[in-house]
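Visitor: one predicted model, sequence on top.
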Amino acid sequence: MADFVAAIDQGTTSTRCMIFDHSGTEVGRHQLEHEQILPKAGWVEHNPIEIWERTAAVIMSALNKTNLTAADLAALGITNQRETSLVWNRKTGRPYYNAIVWQDTRTDRIASALDRDGRGDVIRQKAGLPPATYFSGGKLQWMLENVDGLRRDAENGDAIFGTPDTWVLWNLTGGSRGGVHVTDVTNASRTMLMNLETLDWDDELLSFFGIPRQMLPEIKPSSYPQAYGTTRVDGPLAGEVPITGILGDQQAAMVGQVCLNAGEAKNTYGTGNFLLLNTGEKIVRSSNGLLTTVCYQFASDDGPAKPVYALEGSIAVTGSAVQWLRDQLGIISGASQSEALARQVEDNGGVYFVPAFSGLFAPYWRSDARGVIVGLSRYNTNAHLARATLEAICYQSRDVVDAMAADSGVPMEVLKVDGGITANDLCMQIQADVLGVDVVKPVVAETTALGAAYSAGLANGFWANTDDLRANWHEDKRWTPQWSEEQRERGYAGWRKAVERTLNWVDVD
């Protein structure tokens, strides 16, 4: 068998290809950013052609850097930004419109209408999700209603839909020359269109959005021994590699962190924050503003195993708030500078920053909210704002942790963390202080790509079982709380007051 497994991580701001060996050690990577298209306030788009071109480029560069070829790869896994929605023509491969990104809020009227007439309760029960701009169903409805000719082509079978995993898979397996139109259960569970119990598209849910069923990809397990398809010899891998794993990015991080038992949790710090708690084979419906989602579904040659579910708290803006300091305000020249600037002050100086740029996600689900900076006086400097930005990341995570404890009845004892912001020591120390629990980072912090590799490698025996994955997990760093309980509660009370100031800012019909 070949000695390596590759993973494509198609994220919100960039695409990377990472290659791992049997110990889960990274042996090579390449990463490229893509443009964030912002045509109107609240609208966020990506160019699907650019995403595919970046994907092809990072695959070729990762192989070149490591002097490997397709023959060295046992399997390929895909992970991706989840709810981002694309529609393209199966005959030409031409997108009908830019990808509408998960952060986009143009569908607020669609979401609020669902809740007004009772359809929202059906969506919560069947799909485990609240009607929100976050998810794919409303984005697809918007495109069907606003893109000329799309509904006609959808009804005659030419226009097809997918999240970025489906788009990348379709292109890798041939595109308009026979590309495979498939997604996995984790990505399908983020659309408001899949029934959590049947793991299939639900006709009643499709009717709520006016979506023709033939547009949708076939739903498969997250780890698939039969392979969804193979790469083409004339594609970027220049060889036939089986594609055997697909996971939405946050579910991939759960697998990468080996949170495979009920009660295990992780928090991924990326463009947004995503905290997931494994609930096993039980569907736990939230009473506290969390999402019920599929965590993963593995399979063997004998067929798919039972799905494993999770509770999730999704936070829209965390790492992207640091990007905002860099790109819109210009007070730092790089994300790493946020730590040095924030360390110039001992505390936030009374400043709170709630980055509700796209409304508030879990546990509030308020599309009428917008970002605020409160508590300013002439004493405050850009260092206080940098500190408040890091604290916002951590306070938003506490909102979710508290909701998770209320839903599950299990208080969190330790938080596993991963993603880019975990390189920021100050932010991770603040996270431990705000939560009052230890925060632990593994040696491989980019667990999203690792989880996709694990899912692919489990499917074909590269890793024999999940015990192999557990043996690969090693602690790199641990942060222990330093704040007193009084400090912790005083700081959190200020945060909750700041959140109140964000509400009712935008009128939503």
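Guide: That came in fine, so what should we check first?
Visitor: ranges for the helices of the stretch 201-350 of the chain?
Guide: Using DSSP state H, counting those that start in this stretch, the helices of the stretch 201-350 of the chain run over 203-209, 249-256, 319-324, 337-342.
Visitor: ok, which of these comes nearest residue 74?
Guide: The minimum distance between residue 74 and these falls on helix 249-256, with 17.0 Å, by Cβ to Cβ. Yep, even glycine has a C-beta here, placed from its N, CA and C like the rest.
Visitor: for that closest one, C-alpha coordinates in CSV please.
Guide: In CSV, the C-alpha atoms belonging to helix 249-256 read as follows (Å, rounded to 0.1, in the frame of the first residue of the first chain):
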residue,chain,number,x,y,z
ASP,A,249,-14.9,21.0,8.3
GLN,A,250,-16.1,21.0,11.9
GLN,A,251,-17.0,17.3,11.8
ALA,A,252,-13.5,16.7,10.3
ALA,A,253,-12.0,18.5,13.2
MET,A,254,-13.9,16.2,15.6
VAL,A,255,-12.4,13.2,13.9
GLY,A,256,-9.0,14.8,13.8
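Visitor: quick one: distance of it to the chain centre.
Guide: Mean-position distance between helix 249-256 and its chain equals 9 Å (Cα atoms, centre = their mean, to the nearest Å).
Visitor: run through who's touching that helix.
Guide: By Cβ atoms under 8 Å, 6 or more residues apart in numbering, the residues outside helix 249-256 that reach it are 9, 11, 77, 79-82, 186, 222, 247, 260, 266, 268, 270, 274, 276, 278, 293-296, 310, 312, 314, 418-419, 444, 446-452, 454-455, 469.
Visitor: ok, 6 Å please
Guide: 79, 186, 266, 268, 274, 276, 295-296, 418, 447-448, 450-452, 454-455 (Cβ atoms under 6 Å, 6 or more residues apart in numbering).
Visitor: with stretch 402-410 instead?
Guide: 277, 286, 288-290, 311, 363, 411.
Visitor: ok, so of those, who is nearest residue 393?
Guide: Nearest member of the contacts of stretch 402-410 to residue 393, counting by Cβ to Cβ, is residue 363, at 15.9 Å.
Visitor: tally of neighbours for that closest one?
Guide: Around residue 363 there are 21 other residues, counting by other Cβ atoms under 10 Å.
Visitor: buried members of the contacts of stretch 402-410 into ChimeraX, please.
Guide: Filtering the contacts of stretch 402-410 down to the buried ones (16 or more other Cβ atoms under 10 Å) takes a single ChimeraX command:
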select :277,286,288,289,290,311,363
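Visitor: which residues of the stretch 251-400 of the chain fall in strands?
Guide: 265-269, 273-280, 291-296, 299-300, 303-304, 308-315, 352-354, 372-374 (DSSP state E, counting those that start in this stretch).
Visitor: nearest approach to residue 388 belongs to which of those strands?
Guide: Using Cβ to Cβ, the nearest of the strands of the stretch 251-400 of the chain to residue 388 is strand 352-354, at 4.1 Å.
Visitor: so what pLDDT did the residue of the chain most remote from its centre get?
Guide: Distance from the C-alpha centroid of the chain, by Cα atoms, centre = their mean, peaks at residue 378 (38.3 Å). On pLDDT, residue 378 comes in at 96.
Visitor: pick out the shakiest of the strands of the stretch 251-400 of the chain, pLDDT-wise.
Guide: strand 303-304 (a mean of 76).
Visitor: strand partners of that one, parallel vs antiparallel please.
Guide: The sheet places strand 303-304 alongside strand 299-300 (antiparallel), with pairing taken from DSSP bridges.
Visitor: chain center to the strand it pairs with, what's the gap?
Guide: Mean-position distance between strand 299-300 and its chain equals 24 Å (Cα atoms, centre = their mean).
Visitor: and what of stretch 487-498?
Guide: Relative to its parent chain, stretch 487-498 has a centroid offset of 27 Å by Cα atoms, centre = their mean.
Visitor: so for it, mean pLDDT?
Guide: The average pLDDT within stretch 487-498 is 97.
Visitor: same deal with stretch 57-68?
Guide: On average, the pLDDT along stretch 57-68 is 96.
Visitor: then stretch 139-155?
Guide: Mean predicted lDDT for stretch 139-155 stands at 97.
Visitor: pull out the buried residues from it.
Guide: Residues of stretch 139-155 classed as buried by neighbour count (16+ other Cβ under 10 Å): 139-144, 150-151, 153-154.
Visitor: measure it end to end?
Guide: In stretch 139-155, first residue to last residue: 17 Å (Cα to Cα, to the nearest Å).
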